[in-house]
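Trainee: Give the three-dimensional model of this entry:
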Amino acid sequence: MQACIEGKNCIVTGANSGIGYTTAEGLASRGATVYMVCRSKERGEAALSAIRSKTGNQNVHLEVCDLSSVNEIKSLASRISSKDLPVHVLVNNAGLLENKRVTTSEGYILLLDLLLNMKTKFNRFELNFAVNVLGTYAVTELMLPLLEKAAPEARVITVSSGGMYTVPLTTDLQFSNGKFDGVEQYARNKRVQVALTEKWAETYKNKGIGFYSMHPGWAETPGVAKSLPSFNERFAGKLRTSEEGADTIIWLALQPKEKLVSGAFYFDRAEAPKHLKFSATAGSHWMIDSIVNTLRSMYTLPS
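Mentor: Numbers count the residues shown, from 1 in each chain. Next up is the predicted model:
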């Protein structure tokens, strides 16, 4: 854990607070060049200044991007690609738990309707899904060429949640059926992330990139306080710190790849099961191919 990774380039999404901030700080303190991806320029600049001051590492940079927007993600990827640098570590940390159903203003034009009726229609994306699933997928796929430049050391670490143990995969990605439940949608999103990690590991096994998902444990972060206020209040003082939550992320970033299993799910520096007994989730992962096709169609449509 005390390894120096000077000269390695790391991207951390959702890096202005909580586990993302602590991860960015931990990587910067070990000499890495860190790109902090944050939605808010103001909060991102404050976090950037704090990390540079605390670590003494000036090779820490801010990239402002709203990960609910595919267009902004494409712009982010273009900016980073223009630097023509290898990406050694991509940490997909940014996450959202919105309890009410909220949709993004971005979607895709139904071209047939446009041609026939001269009207433009947009499919809006449910916000939790847009950030947790589509955003994670688009960032990872668009960073693949830069990750390949860092092979065989390249790795992608996706921060999932123990909530995924409660639900199987579903193709109802945007919770269109039934009464919307933000906590359940978050759990669904996190299950998709684990299955995506498996799929990436299989698809890109010859690219020299390792893919890992992990559960940070329940940590006392601004995100938990905002999204789950009663839970946060009930367990105040009993939850993990951000440092404890980020520990396994940093561990995964530093370990020799031969000691890790691509496609695996990690908890507390060890490989953990992806399914609980009798939870009926294991049999659902066959759906991931259909889900990937849906995600690909969403992020590759014209801007």
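
Trainee: Span of stretch 283-293 from start to end?
Mentor: One end of stretch 283-293 to the other measures 19 Å (C-alpha to C-alpha, to the nearest Å).

Trainee: Also stretch 89-98?
Mentor: Per C-alpha to C-alpha, the first residue of stretch 89-98 is 28 Å away from its last.

Trainee: can you offset everything so residue one is 460?
Mentor: Shifting the count to begin at 460 puts that one at stretch 548-557.

Trainee: Return the set of buried residues in it.
Mentor: Neighbour-count burial for stretch 548-557 flags 548-557 (criterion: 16 or more other C-beta atoms under 10 Å). Any C-beta I mention is one placed from the backbone N, CA and C, and that applies to glycine too.

Trainee: Show me how far that stretch is from its chain's centre.
Mentor: 3 Å (C-alpha atoms, centre = their mean, to the nearest Å).

Trainee: Repeat that for stretch 590-597.
Mentor: When distances are taken as C-alpha atoms, centre = their mean, stretch 590-597 is centred 7 Å away from the chain's centroid.

Trainee: Can you show me the strands along the stretch 660-762 of the chain?
Mentor: 668-673, 724-726, 729-731 (DSSP state E, counting those that start in this stretch).

Trainee: so of the buried residues of stretch 548-557, which ones are in strands?
Mentor: Members of those lying in strands (criterion: DSSP state E): 548-551.

Trainee: Columns distance to Val519 and pLDDT on top of those residues, output as JSON lines?
Mentor: Output for those, formatted as JSON lines (distance: C-beta to C-beta, whole Å; pLDDT from 0 to 100):
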{"residue": "Val548", "distance to Val519": "14", "pLDDT": "98"}
{"residue": "Leu549", "distance to Val519": "16", "pLDDT": "98"}
{"residue": "Val550", "distance to Val519": "14", "pLDDT": "98"}
{"residue": "Asn551", "distance to Val519": "19", "pLDDT": "98"}
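
Trainee: what's the closest of these to Cys469?
Mentor: Nearest to Cys469 out of these is Val548 (C-beta to C-beta; 4.1 Å).

Trainee: now the nearest residue to Cys469 once chain neighbours are set aside, which residues is it bridged with?
Mentor: Counting by C-beta to C-beta, 6 or more residues apart in numbering, Cys469 lies nearest to Val548, which is 4.1 Å off, once chain neighbours are set aside. Val548 forms beta bridges with Cys469, Arg614, as assigned by DSSP bridges.

Trainee: per-residue pLDDT, Lys580?
Mentor: Listed pLDDT for Lys580 reads 44.

Trainee: Give the buried residues for stretch 523-535.
Mentor: 523-529, 531-533, 535.

Trainee: er, stretch 466-485 actually
Mentor: Neighbour counts over stretch 466-485 (16+ other C-beta under 10 Å) mark 467-485 as buried.

Trainee: now swap in stretch 706-721 and tell me
Mentor: Of the residues in stretch 706-721, those with enough neighbours to count as buried (16+ other C-beta under 10 Å) are 706-714, 716, 719, 721.

Trainee: Which ones among those residues map onto helices?
Mentor: 706-713 (DSSP state H).

Trainee: quick one: Lys736 from Asn518, how far?
Mentor: Lys736 sits 46 Å away from Asn518, going by C-beta to C-beta, to the nearest Å.

Trainee: Tell me which of these two has more neighbours.
Mentor: Asn518 (15 against 6; other C-beta atoms under 10 Å).

Trainee: check contacts around that one.
Mentor: The contact partners of Asn518, by C-beta atoms under 8 Å, 6 or more residues apart in numbering, come to 487, 491-493.

Trainee: Check Lys467 too.
Mentor: Lys467 touches 490-492, 547-548, 609, 612, counting by C-beta under 8 Å, 6+ apart.

Trainee: Lys718 versus that one, what's the distance?
Mentor: Lys467 is 17 Å from Lys718, where distance means C-beta to C-beta.
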